[in-house]
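> Next comes the sequence, and after it the predicted model I'd like to discuss.
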Amino acid sequence: MEATKQAITISSTIQQPAAKVWELWNGPEHIQQWCAASDDWHAPKASNDLRTGGSFSTTMAAKDGSFSFDFGGIYDSVEPFEKIEYTMSDGRRVKITFTENNGQTEVVETFDPEDTNPEDMQRAGWQAILDNFKRYAESK
């Protein structure tokens, strides 16, 4: 019997208030600016219906055109400026919390790992995207 994989958690503290972090995290025009793990990738397309039962989709693509995929899911719970929970199209669950303290916001993402890549690679990839978000958000 296979052991159940533990969820992976990553986090970052953004030097912006929660309302600003929320706007930059969820606006499709912003998602396209930060949703990539490295400089040779980008997000040419994003849509976001941010409400419980709403869906989202982001196309993540190599800039050289060699590969792309859609990352998406359905929102299970949305609490403005505080929490988002969603189920990805492959059934894995994600929870993101936004906690403001003294004008800065801690973003914590907890997600179910997939079976294809090692967990440390998944953690590093998601953290790289979150780090890219931090750079983007703090430049606004």
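Noted; the coordinates are in hand.

> if you go through this protein in chain order, where are the helices?
18-26, 28-34, 119-138 (DSSP state H).

> Measure how far the second one is from the centre of its chain, please.
It stands for helix 28-34. How far helix 28-34 lies from its chain's middle: 11 Å, per Cα atoms, centre = their mean, to the nearest Å.

> residues making contact with that helix?
Residues outside helix 28-34 that contact it (Cβ atoms under 8 Å, 6 or more residues apart in numbering): 23-25, 42-48, 58, 129, 132-133, 135-137. (Glycine included, C-beta is placed from N, CA and C.)

> show me the biggest strand of the protein in terms of residues.
Counting residues, the longest strand found in the chain (DSSP state E) is strand 68-79.

> Give me the angle between that one and helix 119-138.
Put simply, strand 68-79 runs at 70 degrees to helix 119-138, going by axes from the mean of the first three to the mean of the last three Cα atoms, to 10 degrees.

> ok, back up a step: which of the helices of the chain sits closest to Thr97?
Ranking these by proximity to Thr97 (Cβ to Cβ) places helix 18-26 first, at 10.2 Å.

> so how far is Asp64 from Phe56?
Distance, Phe56 to Asp64, by Cβ to Cβ, to the nearest Å: 26 Å.
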